[in-house]
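In: Give the three-dimensional model of this entry:
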Amino acid sequence: MTHEILQLMQNLRLGGMRSSYEGLVQAKNSNAVSNDEFINILLQSEWEDREHKKLTRRIQSAGFRYRSFMDEIDYVTPRGLDRTLLMRLSDVSFVQRSENIIITGATGVGKSYIATALGHQACLMGYRTAYHGAQKLFAKLRMSKADESYFKEMKQIEKQDLLIIDDFGMQALDQNTRMMLMEIIEDRHQDKSTIIASQIPVDKWHEIIGESTIADAILDRLVHTAHRIELKGESLRKKKK
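Out: The predicted model follows:
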């Protein structure tokens, strides 16, 4: 009967329940609990297994470049990091409120690490998250126009609860890139959250985006109500070396 039960659980794809049941049988603890407790243990195990698998899929789908976590952020090295602000953002309620975050600073001061840590936290809280380097993102979108998958790619970006664009502004935007960025920001404005990390100070973004009218529209939607994290100091990578 035990073999038949395990086989049935496997056929029904109840992996968490199957592992828990098998463990109870092998430990000979199944008779030590009531029927209600036994069922509760099996159901709880199945729920936890499914939640873990969903979290794993969210993290894999996000495409993070780094492994970083909120509890591993360096607050000791002086770089102008506001710990109170970051702790407030760590509950990820900014995603629920559709708020944006802008992280700026010189290369190596930890912009990407903090952006990724916030993205990972969003995944833990059940939010769909996507991480993109700016150059690769816009190159991919330009290519998608050639094979007519552009609309599909943009819809995929739009449905993310949190979009992270890293290394923004490494070069001035051309007309196509400018319009793609405008479309992304317009689609997400007051509906979804965006984190942008950049070496370029925000007051230089207008020049980077180009074309005054479009730049004004993008910055108005993206910057003025965003949480700002402005990092200073030397490269952490150099200090580690």
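
In: what about the helices in this structure?
Out: 2-11, 15-27, 35-62, 83-89, 93-96, 111-124, 134-146, 150-158, 175-188, 205-209, 212-222, 236-240 (DSSP state H).

In: And the shortest one, what's buried?
Out: Of the residues in helix 93-96, those buried by neighbour count under the rule 16 or more other Cβ atoms under 10 Å are 94-95. C-betas here are computed from N, CA, C, even on glycine.

In: How about residues contacting it?
Out: With Cβ atoms under 8 Å, 6 or more residues apart in numbering as the test, helix 93-96 has contacts from 101, 122, 125, 127, 161-162, 193, 227.

In: chain center to it, what's the gap?
Out: From the chain centre to the centre of helix 93-96 is a distance of 12 Å (Cα atoms, centre = their mean, to the nearest Å).

In: what does stretch 201-218 give?
Out: 25 Å.

In: Kindly state the domain boundaries assigned to the chain.
Out: Structural domains annotated on the chain: 2-61, 63-240, as defined by automatic domain parsing.

In: Out of those, indicate the one that is most buried.
Out: domain 63-240 (a mean of 17; mean count of other Cβ atoms under 10 Å).

In: pLDDT averaged over that one - what is it?
Out: For domain 63-240, mean pLDDT is 93.

In: residue closest to the middle of the protein?
Out: residue 119 (2.9 Å; Cα atoms, centre = their mean).

In: list the contacts for residue 130?
Out: Applying Cβ under 8 Å, 6+ apart, the residues contacting residue 130 are 61-63, 156-157, 160, 162-164.

In: Could you do residue 50 as well?
Out: Applying Cβ under 8 Å, 6+ apart, the residues near residue 50 are residue 16.
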